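**Student:** From the sequence below, what's the structure:
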Amino acid sequence: MPTSLSSLSRLICLGAALLLGQVCTAHADDEVPSLAGKRIAVSMTGTSHYFDIKAFQAQVDEIKRLGGTPITLDAGRNDKNLVTQLQTVVTQKPDAVIQTLGTLSVIDPWLKRISKAGIPLFTIDAPSQYSLNNTTSDNVATGKALAEQLIKDAGGKGRILVFNGFYGVPVCAIRYDQLKLALKEYPQLEIIQPELRDVIPNTVQDAYSQVSALLNKYPRGSISAIWSAWDIPQLGASKALLDAGRTEIKTYGVDGTPEVLALLGQDPSPVGAVVAQQPALIGRTAVQNVARYLAGQRDLPKETHVATLLTTAANLPQVQQLRGD
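**Tutor:** The predicted structure is shown next:
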């Protein structure tokens with residue numbers, strides 16, 4: 001049965017498709033099956049960031065709206081806690097599990113156990129072989145769009161600082177690979193070695209410190225851009241550039257955290273672009289896929305893509321309106 005979308009959701013999808021040239025994979029306005037009597041485990045890698053909390057709350061709200069009962073688990077972005085959490089899920093025997101994010105090499109053995117226990121497994125931003133359906137942004141298109149904007153803004157030459165601390169997270173790896181692929185066509189635009197490592201926790205503070213230290217090493221005109229696979233390190237880097245008066249360097253990232261969008265709206269701003277995701281729509285879509293599966297629809301795609309919005313100063317107000325920020 002097709003996915004139900006509100007008028008606002010359809011508007012968001014249309015706007016996203018126009019902004020990134022993508023086809024929105026949302027469905028028509030039919031009813032989503034009920035989850036009455038169903039217990040759905042919402043397993044979160046963490047809920048400390050904008051994407052996390054929006055995707056989490058949307059899942060909980062949609063499960064309740066469809067008459068189901070959410071079982072919520074939050075690992076606090078700690079791999080050891082996440083493994084324990086996934087072990088706990090098996091013993092609770094829910095009607096389905098939705099796992100949001102996670103380093104695939106860490107979580108896949110435990111996702112396998114959930115699947116082998118006969119519990120329908122769904123994921124968000126975690127393309128596991130054991131997942132019946134992974135709801136995610138089109139990260140190939142996202143990574144490509146971000147890389148192309150960076151290259152355009154830099155004029156195809158210069159040097160880039162890159163944060164690459166979470167290549168084991170599939171969505172981060174895809175975005176990074178798209179950057180490297182795009183740069184093959186621009187040999188005069190090179191990544192400064194060694195690459196920077198973003199960390200969790202204290203991501204903003206750590207990125208701020210790393211960039212602040214490097215600004216003393218690289219004088220004005222020697223760095224064109226700073227890239228990160230998500231926008232929390234971008235936030236720290238942008239704040240460092242502002243405090244140092246180095247807004248000639250532009251930052252690039254993915255998610256659309258409100259603080260980053262606020263910096264993008266400043267003049268001058270160190271933020272060159274951010275690809276804004278729609279985490280609430282992603283969360284709702286994942287739950288609706290669960291509902292369809294439990295109602296007997298077994299031909300779900302391996303991945304459901306939710307469109308993203310390439311955001312610059314030129315279209316910032318439109319993006320904020322589309323997302324309801």
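**Student:** Could you list the domains of the protein?
**Tutor:** 7-137+278-307, 139-276 (automatic domain parsing).
**Student:** Distance across the shortest one, terminal residue to terminal residue?
**Tutor:** Across domain 139-276, the straight-line distance between its terminal residues is 12 Å, by CA to CA, to the nearest Å.
**Student:** circling back to that earlier point, so which of the domains of the chain gets nearest Ala313?
**Tutor:** domain 139-276 (6.0 Å; CB to CB). Yep, even glycine has a C-beta here, placed from its N, CA and C like the rest.
**Student:** Let me know the average pLDDT across that closest one.
**Tutor:** Averaging pLDDT along domain 139-276 gives 97.
**Student:** Is Ile71 part of a helix or strand, or is it coil?
**Tutor:** strand (DSSP: H, G, I helix; E, B strand; the rest coil).
**Student:** Please read the previous query as pertaining to Pro33.
**Tutor:** Pro33 - assigned by three-state DSSP - is coil.
**Student:** what's the nearest residue to it if we skip its chain neighbours?
**Tutor:** Counting by CB to CB, 6 or more residues apart in numbering, Pro33 lies nearest to Ala295, which is 3.5 Å off, once chain neighbours are set aside.
**Student:** got the domains of the chain as CSV, with distance to Gln321 columns?
**Tutor:** Below are these laid out as CSV (distance: least, CB to CB, whole Å):
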stretch, distance to Gln321
domain 7-137+278-307, 8
domain 139-276, 12
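**Student:** Reformat these as TSV; add mean neighbour count and distance to Gln318.
**Tutor:** Formatted as TSV, those follow (neighbours: other CB atoms under 10 Å; distance: least, CB to CB, whole Å):
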stretch	mean neighbour count	distance to Gln318
domain 7-137+278-307	19	7
domain 139-276	19	11
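**Student:** Pull the contacting residues for the residue positioned nearest the centre of the chain.
**Tutor:** Most central in the chain under CA atoms, centre = their mean is Asp255, positioned 5.3 Å from the mean C-alpha point. Applying CB atoms under 8 Å, 6 or more residues apart in numbering to Asp255 gives the contacts 49-51, 230-232, 274-277, 279.
**Student:** Give me the distance between it and Gly118.
**Tutor:** Distance, Asp255 to Gly118, using CB to CB, to the nearest Å: 34 Å.
**Student:** likewise Tyr50?
**Tutor:** 35 Å.
**Student:** Gly245 and Ser222: what is the separation?
**Tutor:** From Gly245 to Ser222 the distance is 15 Å (CB to CB).
**Student:** cool, Ala314 as well?
**Tutor:** Distance from Ala314 to Ser222, by CB to CB: 27 Å.
**Student:** How about Thr91?
**Tutor:** Thr91 is 56 Å from Ser222, by CB to CB.
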